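Chemist: kindly return the folded structure for what I paste below:
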Amino acid sequence: MRKELTDEWYRSDIHEPKDFAILTNVLTKAWSGMTTGEYKRYKGLTKENLRDNMTNVELALNTLAEVTTTELSRQRNQKGMAQTSNTAQEGGEVACNARADIESRLGRSVVSPERASDYIKPIETQDADVQMLPDSDGAEKEQS
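Modeler: Numbering: from 1, shown residues only. Below you'll find the model as predicted:
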């Protein structure tokens, strides 16, 4: 999704790396309430990638903001930084509205200081309770 968004921004005559960073900040602040730099500090990140350290809900909201921004930009066939920035704001607002709905149902904020390493558990190579049994074709399948 991010690649489609940056391709759309490029089509909209956005070519400078600083402009991509500005637009990303507009979009991120609109849904999360923080710029990417503020968000990284909130999570305690230094050199790590913010997206790689978002929770599943944060990532889903970020993706919603990016997809919405891309679709709005394509529909409007916009050009230039001013129009593109306004659309990034709108895309972020769509995700912000979804965030508010999720948070009202959960009773807590979904913007979290958690990092990926805080909630992703290592994958075990094989569960001790799983046995491999042959299926009707002779291939093995898991059986608990």
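
Chemist: hey, where'd the helices end up in this protein?
Modeler: All helices of the chain, identified by DSSP state H, fall at 2-11, 17-32, 36-43, 56-76, 81-106, 116-119.

Chemist: can you count the residues close to the nearest residue to Gly33 once chain neighbours are set aside?
Modeler: In this structure, Gly33 finds its nearest non-sequential neighbour in Val111, 7.0 Å apart by Cβ to Cβ, 6 or more residues apart in numbering. For the C-beta atoms, the positions are set from N, CA and C on the backbone; glycine is no exception. Other residues near Val111 number 20, with proximity taken as other Cβ atoms under 10 Å.

Chemist: pLDDT wise, what is Val111 at?
Modeler: Note on Val111: pLDDT of 96.

Chemist: again with Leu23
Modeler: Here the pLDDT value assigned to Leu23 is 97.

Chemist: I'd say Lys29 and Gly37 touch.
Modeler: No: using Cβ atoms under 8 Å, Lys29 is not in contact with Gly37, being 10.2 Å away.

Chemist: the more surrounded of the two?
Modeler: Using other Cβ under 10 Å as the criterion, Lys29 and Gly37 rank with Lys29 on top: 18 against 13.

Chemist: what's near enough to touch that one?
Modeler: 35, 92 (Cβ atoms under 8 Å, 6 or more residues apart in numbering).

Chemist: Gly37 too?
Modeler: Neighbouring residues of Gly37 by Cβ under 8 Å, 6+ apart: Asn25.

Chemist: do the same with Gly80
Modeler: By Cβ under 8 Å, 6+ apart, the contact list for Gly80 reads 12-13.

Chemist: Asn49 - how many residues pack around it?
Modeler: 10.

Chemist: neighbouring contacts of stretch 82-95?
Modeler: With contacts defined as Cβ under 8 Å, 6+ apart, stretch 82-95 is touched by 9, 12, 14, 22-24, 26-31, 61-62, 64-70, 72-73, 76, 78.

Chemist: buried subset of those?
Modeler: Buried by 16 or more other Cβ atoms under 10 Å: 9, 12, 14, 22-24, 26-31, 61-62, 64-70, 72-73, 78, out of the contacts of stretch 82-95.

Chemist: alright, that wraps it up for me.
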